[in-house]
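J.: Got a predicted model here, sequence first, then my questions.
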Amino acid sequence: MAKVARQVVEQAGINVDQLLEKLVAAAAAEFTTYYYYTILRINSIGFDGEGLKEIIEDARIEDRNHFEALAPRIYELGGKLSRDIREFADVAGCPDAYLPADPRNVQEMLKVLVEAERCAIRVYTEICNMTAGKDHRTYSLALAVLHEEIEHEAWFSEFLGEGPSGHFRRETPGQSPYVSRFMTAMQK
């Protein structure tokens, strides 16, 4: 653990244990969303589903990247991830993104996807609000993830017919244009 990292965050007036709880919940949500998006992507079949597959894949890989970027910060602040995956999934900050009962209903699948992204936006906005001007590293990381989650929501809501998003697909799937600078293991 980086003792000074925790100390300066505490001195800035942040309850580090509360922040760690939020970061672990966010990491658990990213990890479980990666899992559920894998299932959703596999079940994106047919004419409509095929058009969605690439966007689900981008969001899926970027959610994995979010998990991998959050984990070091959790440990830097003296926290840890559960050694039990079931316990970890139970603390996820967002509901599970289950495959709809009728996986061929693309509209229902899109509703699952867009709601997962909207939950993530709320989670990272809360972390940003908590750390703004006080914990620069966590704030920068949460803001980077927030940028990507907003783009994911825009992609899925556009498919739902809620209007144009103004966002374009990534050059390569899972690029994580905002979070990649926090990824020590990410290949450039």
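T.: All right, it came through fine. Residues are numbered from 1 along each chain as shown.
J.: so what's Asn40 scoring on pLDDT?
T.: Small correction: residue 40 is Leu, not Asn. We note a pLDDT of 97 for Leu40 in this prediction.
J.: now swap in Arg169 and tell me
T.: For Arg169, pLDDT reads 69.
J.: ok, now the one 4 residues further on?
T.: Looking at Pro173, its pLDDT reads 73.
J.: just the one 3 residues further on next, same as before
T.: As summarised for this prediction, Ser176 has a pLDDT of 90.
J.: Distance from the chain centre to the longest helix seen in the chain, please.
T.: Counting by DSSP state H, the longest helix found in the chain is helix 46-76. Relative to the centre of its chain, helix 46-76 is centred 7 Å away, using C-alpha atoms, centre = their mean, to the nearest Å.
J.: same deal with stretch 6-15?
T.: Counting by C-alpha atoms, centre = their mean, stretch 6-15 comes out at 24 Å from the chain centroid.
J.: got the CA positions of that stretch in PDB?
T.: C-alpha atoms of stretch 6-15 as PDB (Å, rounded to 0.1, in the frame of the first residue of the first chain):
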ATOM      1  CA  ARG A   6      -4.000   7.200   1.600                       C
ATOM      2  CA  GLN A   7      -2.700   9.800   4.000                       C
ATOM      3  CA  VAL A   8      -3.000  12.800   1.600                       C
ATOM      4  CA  VAL A   9      -6.500  11.700   0.600                       C
ATOM      5  CA  GLU A  10      -7.500  11.500   4.300                       C
ATOM      6  CA  GLN A  11      -5.900  14.900   4.900                       C
ATOM      7  CA  ALA A  12      -8.000  16.300   2.000                       C
ATOM      8  CA  GLY A  13     -11.100  15.500   4.000                       C
ATOM      9  CA  ILE A  14     -12.200  12.300   2.300                       C
ATOM     10  CA  ASN A  15     -13.400   9.300   4.200                       C
END
